[in-house]
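S.K.: sequence first, predicted coordinates after that:
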Amino acid sequence: MHLYDVVLFLHIATLLAAIGLGTTLHHAEWSTRTATTVGELRAVTRVYRRGNLFPIAILLLFGEGAWLVHLSKKHGETFRFGDAWIWTAIVALVILMVTGGAILGREASSYAKLLAATPDGPIPPEVRAATFKSLTWATSHMNTFLAIAVVFNMVIKPAGAASAILVLVIGIVIGVLIGLAGARSRSVATT
Ligand code: HEM
């Protein structure tokens, strides 16, 4: 066993942890569709604050990835930061970090404040609107599918930038469409 294999394992383990966290948050997100009271929303969405762990995963993915690039020469491969599947992954991580902080983190904390300030009982229209904001649903799902698209590129390693970018764009579009579909289902929790 080489150091390269250990670092690759850590890279994949970090990805599993991030996907596990993402799945937990998406489960909470989709569970809001059947919530009928503010109390239920509060209980279901309490886990949103755990989104603050994503920056750690992003930094680890980058650090381990960069280490793998560095070790690749000794391991018989020569990966470079200029390879399309690598630099596009770095761009994807920047997108995840920026949208995660500027949109999802900010929205999650203002949503938690709104729920804390709303008395228990039926869900008022402003809370319903904040629960099913298209921007947050689209962004959260976009980020998950962007990460899955990066996995595709990491495995396939497309040589050209056009193919690597196309894969990421497809991931983004699928994620946004699923997110928007979820946000539109706000009519479910009407009583
Ligand atoms: C969202 C971000 C990322 C995800 C989801 C991800 C995922 C993965 C996965 C699943 C593998 C295993 C592929 C395989 O063994 O066939 C892998 C390998 C690798 N990743 Fe990443 N990665 C990400 C970011 C990065 C970054 C930013 C870099 C470079 C700075 C990087 C460099 C590498 C390298 C060099 C390998 C080893 C490829 C091989 O040995 O065949 N990764 N990554």
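M.R.: Now that the structure is in, tell me what you want to look at.

S.K.: quick check: residues of the chain near the ligand?
M.R.: Residues of the chain lying near the ligand by CB under 6 Å from any ligand atom: 8, 11-12, 15, 61-62, 65-66, 68-69, 72, 79, 86, 89-90, 92-93, 147, 150-151, 154-155. Just so you know, the C-beta spots here come from the backbone N, C-alpha and C atoms, and that holds for glycine as well.

S.K.: buried only: go through those for me.
M.R.: Buried members of the residues of the chain next to the ligand, counted by 16 or more other CB atoms under 10 Å: 8, 11, 15, 61-62, 65, 68-69, 79, 86, 89, 92-93, 147, 150, 154.

S.K.: which of those residues fall within helices?
M.R.: Among these, the residues falling in helices (DSSP state H) are 8, 11, 15, 61-62, 65, 68-69, 86, 89, 92-93, 147, 150, 154.

S.K.: tell me which of the buried ones among the residues of the chain next to the ligand is nearest to the ligand?
M.R.: Distance ranking of those against the ligand, using CB to the nearest ligand atom, places Gly65 first at 2.2 Å.

S.K.: Ile86 is in contact with that closest one, correct?
M.R.: Yes: contact status for Gly65 versus Ile86: in contact at 7.3 Å, counting by CB atoms under 8 Å.

S.K.: and the helix or strand harbouring Pro55, what other elements does it pack with?
M.R.: Assigned by DSSP states H and E, Pro55 belongs to helix 54-71. Here helix 54-71 touches helix 3-31, helix 84-99, going by 3 or more CB pairs under 8 Å, 6 or more residues apart in numbering; DSSP states H and E.

S.K.: let me know the angle separating the first one from helix 84-99.
M.R.: The directions of helix 3-31 and helix 84-99 differ by 40 degrees, with axes from the mean of the first three to the mean of the last three CA atoms, to 10 degrees as the criterion.

S.K.: low-confidence ranges in the chain?
M.R.: 185-191 (pLDDT under 70).

S.K.: one more time with 90, if that's ok
M.R.: Scanning the chain for pLDDT under 90 picks out the ranges 1, 73-77, 185-191.

S.K.: that concludes my questions; thank you for your assistance.
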